[in-house]
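Colleague: Here's a sequence, model it:
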Amino acid sequence: MNKIWNHLNESQDEYKKIFDVSGKVNAERLQDAVVSVLFEHYSERTRDELEILYTEINVNTGKNKKNPMRNKITRICEIYGVDTRKKKNEFFGKIVDFLKAQISEDFVEGWTQEDYADNDADMSEDSDDSEEDEDGDEPVTDNSGFFVDGATEGGWG
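Modeller: Take a look at the predicted model:
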C-alpha cells in the first residue's frame, strides 16, 4: 500500500500540471484508480455501482482513523476477498499501474510526458506545404466544403 501513497505523492505535481488543476487531487485520483481496477479485474458491478460502494465506505473504522484513504482500500480488500499478501500486492500493483498510465497517456500523437509538463511547449502546428503570399502571411485555405453560390474562390463572398 505504501507504493500507492508514494506514487500519488511523487506524481501529484505532474498530474496537476497536465490536467491544469489545483488543490488536493490524490483522494479523487485514488478513487478513480480503485474503481477502474475493480471494474476491469474484480467486479461484475457497473462503474456507477462501484463509485457508490467506494464513497459509502465508512472511513471512521479501521486501524488508522487519521488516514481515510487507507481505510477505504482496506475495506475494499475485505469486500473483494483480497486477503493474502500475494493478492494484495497484485491489487496494489494494478492500482499503481493505473495511476502511472493516467499521467503518461499520449494525448497528442508523438508527444512525450515532458512536452505536457513543459509550459513553454509550442502548441502550434507548422505546415511546410503552404506558400506565403506577397505580404509574408500564409494564405488562408477553406477546407470545410462549405460553398456559397456566386462566391469567390474558396467559397466565401
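Colleague: Scan this protein for its longest helix.
Modeller: For the chain, the helix with the greatest residue count under DSSP state H is helix 85-104.
Colleague: in that helix, what counts as buried?
Modeller: 91-92, 94-96, 98-99, 102-103 (16 or more other C-beta atoms under 10 Å). For the C-beta atoms, the positions are set from N, CA and C on the backbone; glycine is no exception.
Colleague: swap in stretch 27-42?
Modeller: 29-31, 33-39, 42.
Colleague: in the protein, which spans are helices?
Modeller: Assigned by DSSP H, the helices in the chain fall at 2-19, 26-37, 47-56, 68-79, 85-104, 113-117.
Colleague: what would the buried residues of helix 85-104 look like in CSV with pLDDT and distance to Ile18?
Modeller: Converted to CSV, the buried residues of helix 85-104 look like this (pLDDT from 0 to 100; distance: C-beta to C-beta, whole Å):
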residue, pLDDT, distance to Ile18
Phe91, 95, 25
Phe92, 95, 23
Lys94, 95, 21
Ile95, 95, 19
Val96, 94, 17
Phe98, 94, 15
Leu99, 93, 13
Gln102, 84, 9
Ile103, 83, 6
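Colleague: JSON lines for these, including distance to Asn9?
Modeller: Shown next, in JSON lines, are the buried residues of helix 85-104 (distance: C-beta to C-beta, whole Å):
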{"residue": "Phe91", "distance to Asn9": "20"}
{"residue": "Phe92", "distance to Asn9": "15"}
{"residue": "Lys94", "distance to Asn9": "19"}
{"residue": "Ile95", "distance to Asn9": "14"}
{"residue": "Val96", "distance to Asn9": "12"}
{"residue": "Phe98", "distance to Asn9": "16"}
{"residue": "Leu99", "distance to Asn9": "11"}
{"residue": "Gln102", "distance to Asn9": "15"}
{"residue": "Ile103", "distance to Asn9": "13"}
